[in-house]
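>>> Whatever this is, show me its structure:
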Amino acid sequence: MLRLLIGGRSLPNCKSNYFPKLIRSRRCLHTSFSPVPNYLQTSSNESGSNVRDIDVDLLFHSSTNIHIAKRVHALLIVLGKVQSLFISTRLLNLYSNLGTISLCQQTFDQIPTKDVYTWNSIISAYVRNGIPSDAVNCLYKMSTSEIKPDFYTFPPVLKACRDLNNGSRIHALILKTGLEWDVFVAASLVHMYCRFGLFDAAYQIFENMPFRDMGCWNAIISGFCQNGKGEKALEVLDEMRLEGIKMDSVTVSTILPVCAQMDDMVQGRLTHLYIVKHGLESDLFVGNAFINFYAKFCEVEHAQKFFDNLVTRDLVSWNSIIAAYEQNNNPDRALNFFYEMQMNGFKPDLLTLVSVALSIAQSRDSRTSRCVHGFILRRCWFEKDVIIGNAVVDMYAKLGDVDSARKLFDKIHLKDVVSWNTMITGYGQNGLADEAIEVYRMMVGTEYVTPNQGTWASIIPAYAHIGALKEGETTHGRVLKTGLLLDVFIGTCLIDLYGKCGKVEDTMNLFYEVPKTSSVPWNAVISCVGIHGHGETSLKLFRNMLDEGVRPDAITFISLLSACSHSGLVEQGEWCFEVMQRDYGIKPCLKHYGCFVDLLGRAGQLEKAYNFIISMPLQPDASVWGALLGACRIHGNADLGKVASDRLLEVDPDNVGYYVLLSNIYANAGKWDGVNTVRSLATSKGLKKTPGWSSIELNNKMEVFYTGNQSHPQCDQIYEELETLTTKMKILGYIPDYSFVLQDVEEDEKQHILTSHSERLAIAYGIINTPERTPIRIFKNLRVCGDCHNATKFISRITEREIIVRDSNRFHNFKDGVCSCGDYW
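Predicted coordinates for the structure are as follows:
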């Protein structure tokens, strides 16, 4: 039984197990009459009991959780220690460090006479615990008391300031107290003004400082770096060097992200030499910064060396090396480091899981994706930060599991603009343009999210995919209002939109408006002009690109080869293929080989195309053999088509399109047994042919027609219009080509089948519902059949309309009975 007496009053007995073992130990509280050590003093109360003073420092150091802290607080109250201003303020700081701000406030309120250290402690407590408004209000309250702020008061409260009005008011208080040139206060002012984007004010304070230490230089450099003023940051760095001040680890780790952002490899290399010369290469912050720097420049080997040379590694080190391999398309190494990190005792955080999710998406590992999802769910991290939710939605979308992506997207309570952009992009990347547009409309309907650059870059390709010109033009108007037209990525998306909607003139006009310093807009316009059959124009644009000093990349040559293929420019295509390797050192990938095979195949050089495939240094994939099979379909070579189809069924046995192509080759040759065999094989594998459909956009609504459609409200009018057009066409010399009827039926049935093709239904619908002589734009999901191509030429002549048909391969611009493809497609 322990009796504690203070001021002659007997307090209630305390059970021995109330205090932790440390407090009951001999060192902290001694109640026997054994000899007294030097560090304990004996005091006698009025009842004659002896109470020894305790080791206060040891008590505070041992208070590692809130329960112990409360017990220590109770003991100090009992012993009368809290009457000491120093002890009370230490209690306040203890509660602050343990994250219990309410007890901080109560302790502060119970201190009768406060000094500047007490006020500084409560202000810092509010800042440390994420209550910046209370920190600012506390400063204002302090300024009305007898205690005046000192140079320790202002740095934390300036960090907590969230608006410029309060910032200016605090600055005025600093001027009033005469602390404006204190090195810590001035550096904090520089940080604050940089945070609010007032760089002139920040730099003026910095320039007028009578003395600038390393922290001040780092403050202004960091301020410029964090607000996208990289060039200004480098200028200040040069000024610092001229004054003979050497960079420290903070300077290096601050300036490297700017070098990466500005693609300034030279400055980064020089900084690397500097840290080697000054012995900073093993510094943790410097090492982490260089891992990220070299990862941005795709030099993962150097990033790995820095990681290996780190004497100590923290969680940032592991996150950086995992992100480095993920960003450089090496998901297996990234995941290996993730496992190694955990084996070394590091627990992953949100940023770790973001990189892991992106790595899993690259590796196409659906099983591991579920494990990561479960890992995050068990820790309730989806509720903690929207970033991780966005990353997992993106992971599922890139794995092709859009249903799981949508389910998770719907469960995110506070969606930010990145959440919406991720879902829109996910649908678009999986060919679900209609769903992407639906999500975009939902986004526009919300009040708290405003579309940004990423939104436009996601939704415009969706409009281009389905040929939704009107909605695309509306979005173009919104882009103009935001001033983003000069953004190279948005401009390129709009070029692609108008090109894929058949408006070549608008495509070229936009191209001349956007910046053309990179290959991105050049690639887009070369591709768009090429799919319209203007191969010579594409080659001219390529020469202009070289004259402008823009270096072509792999995508440039894919666009060029495709353009040559659509225009039958075999010699020019061969020249492009050679120049790509000889002059620019670009090794052909499978897409280049596929385009080259398509070039030869469309021109009827089937044997040459086949020999080219056989001699390829890479293993041909489905795109290469598919190009040859498509050429065999055009030129009716059933034997070589069988060879190509056999190879295709080895590399991509579940693609129903290849079965359809081979079936069509047999049907054109009249080999109905072969047709039945191929169709039976596809059926046995559970594969179904993709139904052909065509769409037309009228009155901001997309009308879709399937072959043989009988359910449309205007069905009778459409077929009557087609019957009338067919009669007029036959008068002008139209003869139906029944070879495109891939069914073994009677002659009259073949005529009906041809008339019921989806593109003809869409054209007739457009003729009925639009003013005379206005253009009609049709989008078809499959290759337009030869008979419909011929019929559309007659229809354009009869109706005196321009009819633009975009099929799965290219554009056909019909006008006055002639097609822009020159009957070569």
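>>> Helices along the stretch 1-150 of the chain, start to end?
21-24, 56-61, 66-78, 85-97, 101-109, 116-128, 132-143 (DSSP state H, counting those that start in this stretch).
>>> pLDDT on stretch 339-351, on average?
On average, the pLDDT along stretch 339-351 is 92.
>>> for stretch 568-586, the distance to its chain's centre please.
In terms of C-alpha atoms, centre = their mean, to the nearest Å, the centre of stretch 568-586 is found 34 Å from the chain centre.
>>> Sorry, wrong one. I was asking about stretch 428-443.
Here the centre of stretch 428-443 is set off from its chain's centre by 16 Å, with C-alpha atoms, centre = their mean.
>>> that older thread, as CSV, the helices of the stretch 1-150 of the chain with mean pLDDT and mean neighbour count would be great.
For glycine as for every other residue, the C-beta is placed from the backbone atoms N, C-alpha and C. Shown next, in CSV, are those (pLDDT from 0 to 100; neighbours: other C-beta atoms under 10 Å):
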stretch, mean pLDDT, mean neighbour count
helix 21-24, 40, 15
helix 56-61, 83, 15
helix 66-78, 87, 17
helix 85-97, 88, 20
helix 101-109, 88, 17
helix 116-128, 89, 22
helix 132-143, 87, 19
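>>> where does residue 702 fall, helix, sheet strand or coil?
strand (DSSP: H, G, I helix; E, B strand; the rest coil).
>>> Against residue 722, how distant is the nearest residue to it once chain neighbours are set aside?
Nearest in space to residue 702, with sequence neighbours left out and distances taken as C-beta to C-beta, 6 or more residues apart in numbering, is residue 695 at 5.4 Å. Residue 695 sits 17 Å away from residue 722 when distances are taken as C-beta to C-beta, to the nearest Å.
>>> ok, now residue 424?
As judged by C-beta to C-beta, residue 424 and residue 722 stand 38 Å apart.
>>> Just want to know which of the two has more residues nearby.
residue 424 (28 against 22; other C-beta atoms under 10 Å).
>>> thought that one was touching residue 436?
Yes: if you go by C-beta atoms under 8 Å, residue 424 and residue 436 touch, sitting 4.9 Å apart.
>>> what's the overlap in contacts for the two?
Residues touching both residue 424 and residue 436 (C-beta atoms under 8 Å, 6 or more residues apart in numbering) are 458, 459, 462.
>>> right, and the secondary structure at the first one would be what?
Right, residue 458. helix.
>>> show me the contacts for it.
Taking C-beta under 8 Å, 6+ apart, one finds 421, 424, 425, 428, 436, 440 in contact with residue 458.
>>> for the last one, same thing?
Taking C-beta under 8 Å, 6+ apart, we find residue 462 in contact with 424, 427, 428, 433, 436, 437, 440, 468.
>>> How about residues contacting the longest helix anywhere in the chain?
Identified as the longest helix of the chain according to DSSP state H is helix 715-731. Contacts with helix 715-731, where a contact means C-beta under 8 Å, 6+ apart, come from 709, 712, 734, 755, 760-761, 764-765, 767-768, 791, 794-795, 798.
>>> switch to 6 Å and redo it
755, 760, 761, 764, 765, 768, 794, 795, 798 (C-beta atoms under 6 Å, 6 or more residues apart in numbering).
>>> tell me the average confidence for the helix or strand where the third one lies?
Okay, so that is residue 761. Taking DSSP states H and E as the criterion, residue 761 maps to helix 758-769. Mean pLDDT, helix 758-769: 94.
>>> With residue 504 as the reference, measure out to residue 495.
On the measure of C-beta to C-beta, residue 495 and residue 504 end up 11 Å apart.
>>> CA atoms only for the helix or strand harbouring residue 565, dumped as PDB, please.
Element membership for residue 565, per DSSP H and E: helix 554-567. Extracted as PDB, the C-alpha positions of helix 554-567 are listed here (Å, rounded to 0.1, in the frame of the first residue of the first chain):
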ATOM      1  CA  ALA A 554       9.600   3.900 -84.600                       C
ATOM      2  CA  ILE A 555       5.900   5.100 -84.700                       C
ATOM      3  CA  THR A 556       6.800   7.500 -87.600                       C
ATOM      4  CA  PHE A 557       7.800   4.600 -89.800                       C
ATOM      5  CA  ILE A 558       4.800   2.500 -88.800                       C
ATOM      6  CA  SER A 559       2.600   5.400 -90.000                       C
ATOM      7  CA  LEU A 560       4.700   5.800 -93.200                       C
ATOM      8  CA  LEU A 561       4.600   2.000 -94.100                       C
ATOM      9  CA  SER A 562       0.900   2.000 -93.500                       C
ATOM     10  CA  ALA A 563       0.400   5.000 -95.700                       C
ATOM     11  CA  CYS A 564       2.400   3.400 -98.500                       C
ATOM     12  CA  SER A 565       0.500   0.200 -98.100                       C
ATOM     13  CA  HIS A 566      -2.900   2.000 -98.500                       C
ATOM     14  CA  SER A 567      -1.700   3.800-101.600                       C
END
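>>> Could you pull out the buried residues of it?
554-567 (16 or more other C-beta atoms under 10 Å).
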